[in-house]
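Participant: how would this look folded up:
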Amino acid sequence: MKALYHKYKHHYNANLKLATPIIVSQLGHTLVQFSDSVIVGHFAGTVCLAAVSLVNSIFVIPMVIGLGISYGLTPLIAQNNSRKNYLACGRLLSNSLVINLATGFILFLSLFFGSIYVLNHLHQSPKVVEQAKPFLTLMGLSIIPMLIFNTFKQFAEGLGFTMQAMVISIAGNVLNVLVGIILVKGMFGIHPMGIRGVGYSTLIDRCLMAVVMSAYVFRSANFRKYLKSFALKQISYLRSIQIIRIGTPIALQYTFELSAFSGAAILIGTIGVDQQAAHQIAINLAAMTYMVSSGIAGAATIKSGNYFGINDQQNLRASAISNYHVVIVFMCCTALLFSLGNHILPYMYTTDKAVINIAAQLLIIAAIFQLFDGTQVVGLGILRGMGDVNVPTIATFLAYWVVGIPVGYYLGIYLGLGVTGVWYGLVLGLMVSSGLMFLRFQYISKKHQHKIA
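Facilitator: This next block holds a predicted model:
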């Protein structure tokens with residue numbers, strides 16, 4: 001172990017230094033859902049908490065489509081920066097901003113016009129659906145400022161500036177919690193808004209984060225040499241296609257995975273309200289550990305992109321393997337936390353004993369899939385930096401929608417194992433995805449090494 005540590009020590013330090021701010025800013029997306037769940041669970045009740053679960057299971061699909069497309073900018077920025085092609089970076093930012101704005105409006109309109117139809121045809125509790133409708137509309141509108149923020153965040157992170165997005169995310173989440181409590185409870189003379197209150201607080205938070213992040217990029221001296229070529233009127237068709245060719249498969253990767261969890265939430269919603277609320281608690285906790293892994297994967301994308309851009313395959317492979325080591329250690333720790341705290345952690349969300357008991361069972365299963373969840377997302381991040389996005393997209397579809405969800409339906413609904421059966425299917429899907437990503441990384445990296453030799 002000591003020899004292994006010294007072999008990868010340089011890469012551990014470099015990757016963790018880059019990953020830590022990304023982790024915090026990535027957590028921002030999940031902490032919004034966490035704070036919404038906690039506030040609603042304590043101040044609005046179990047039905048509203050189930051409504052948050054239902055909305056998140058629908059909203060997460062357009063959200064990750066938008067985020068995935070915005071992530072297409074990062075490896076291109078990292079590769080061009082390592083080649084000292086600074087003007088190309090500014091032009092890529094222009095194209096990415098236009099693409100993400102258009103994507104945000106399309107996703108909002110899709111949610112706005114399709115949400116009522118979708119909610120009315122999912123066989124959920126009528127009380128839950130009534131609470132969910134206004135909340136889903138507000139969350140849909142927040143996609144637009146979220147993607148503006150993410151455009152400038154991915155640009156800065158692709159250049160190695162990760163701290164600023166972290167600070168903005170922390171401040172934004174503090175604001176989201178404070179405004180959410182005020183609006184939900186109806187403090188300072190404001191009429192209590194219930195679940196709509198956390199919708200408004202999320203929208204306000206994301207608008208302010210977009211303004212601050214864009215102002216930082218345009219005003220900072222760190223980006224002046226890159227922004228000389230920034231011009232929205234000079235949008236290039238070829239650069240837009242370049243971003244979309246990477247961003248679209250990334251969006252599909254996230255969509256296939258998270259839509260599987262959304263599908264699981266909808267399946268669980270047909271079982272009962274308590275089960276749906278418990279699923280929201282367990283999946284929200286698991287999502288936070290996933291976002292830490294996603295932050296490590298973000299650093300892996302940047303480093304892989306840097307090394308791939310200058311054709312340094314030896315350091316690319318060493319850096320990638322070090323990221324695997326880091327995520328395995330972290331996810332083993334969180335698995336232990338979930339196992340030991342499975343009856344305690346749910347109290348952060350609710351005091352409903354029935355919901356807590358079900359959530360405790362799900363956290364044990366979540367502890368099992370931690371390792372697979374972490375390694376599969378890091379594998380995707382490494383491959384993304386190398387420009388390999390199409391085959392991993394097919395692999396994620398197979399893992400979650402050919403294996404995970406069908407097995408979950410068979411165990412949970414057909415055999416009657418209930419919510420735990422659905423979660424067993426998710427574990428299997430993550431296991432398959434993790435294995436396929438690692439095998440793909442081994443194949444691609446060794447193929448490039450042989451080309452150099």
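Participant: OK, contacts around the nearest residue to residue 260 once chain neighbours are set aside?
Facilitator: Of all residues not flanking residue 260 in the chain, residue 400 sits nearest, at 3.7 Å (CB to CB, 6 or more residues apart in numbering). (Glycine included, C-beta is placed from N, CA and C.) Residues in contact with residue 400 (CB atoms under 8 Å, 6 or more residues apart in numbering) are 256-257, 259-260, 429, 433.
Participant: Check the gap between residue 400 and residue 428 for me.
Facilitator: Between residue 400 and residue 428 the distance, using CB to CB, to the nearest Å, works out to 10 Å.
Participant: Residues in contact with stretch 10-19: which ones?
Facilitator: Stretch 10-19 has contacts (CB under 8 Å, 6+ apart) with 5, 160, 162, 295-296, 298-300, 302-303, 315, 318-319, 321-323, 325-326.
Participant: let's go with 7 Å and repeat that
Facilitator: Contact partners of stretch 10-19, identified using CB atoms under 7 Å, 6 or more residues apart in numbering, comprise 160, 162, 295-296, 298-299, 302-303, 318-319, 322-323, 326.
Participant: next one: stretch 203-216
Facilitator: For stretch 203-216, contacts defined as CB under 7 Å, 6+ apart pick out 138, 141-142, 145-146, 148-149, 152-153, 164-165, 168, 172, 175-176, 179.
Participant: repeat for stretch 295-315
Facilitator: For stretch 295-315, the external contacting residues (CB under 7 Å, 6+ apart) are 15, 18-19, 22-23, 26, 74-75, 78-79, 82-83, 157-158, 160, 316, 319-320, 323, 326-327, 377-378, 380-382, 384-387, 445, 448-449, 452.
Participant: give me the element residue 422 is part of.
Facilitator: Applying DSSP states H and E as the criterion places residue 422 in helix 419-452.
Participant: Quick one: mean pLDDT over that helix.
Facilitator: Across helix 419-452, pLDDT averages out at 85.
Participant: counting contacts, what elements does it pack onto?
Facilitator: Judged by 3 or more CB pairs under 7 Å, 6 or more residues apart in numbering; DSSP states H and E, helix 419-452 is in contact with helix 237-269, helix 273-309, helix 313-340, helix 353-385, helix 390-397, helix 405-409.
Participant: between that helix and helix 237-269, how many degrees?
Facilitator: 150 degrees (axes from the mean of the first three to the mean of the last three CA atoms, to 10 degrees).
Participant: May I see the buried residues of helix 419-452?
Facilitator: 419, 421-438, 440-441, 444-445, 448 (16 or more other CB atoms under 10 Å).
Participant: quick one on the thing from earlier: just the helices and strands packed on helix 419-452: most buried one?
Facilitator: The highest mean neighbour count among the helices and strands packed on helix 419-452, using mean count of other CB atoms under 10 Å, belongs to helix 273-309: a mean of 26.
Participant: could you give the mean pLDDT of it?
Facilitator: pLDDT averaged over helix 273-309 gives 83.
Participant: Stretch 13-30 now?
Facilitator: Mean pLDDT, stretch 13-30: 74.
Participant: swap in stretch 384-400?
Facilitator: Per-residue pLDDT over stretch 384-400 has a mean of 87.
Participant: Same question for stretch 130-146.
Facilitator: In this model, stretch 130-146 carries a mean pLDDT of 83.
Participant: Stretch 210-230 too?
Facilitator: 89.
Participant: End to end on that stretch, go ahead and measure it.
Facilitator: 18 Å (CA to CA, to the nearest Å).
Participant: in that stretch, what counts as buried?
Facilitator: For stretch 210-230, by 16+ other CB under 10 Å, it's 210, 212-214, 216-217, 223, 226-227, 229-230.
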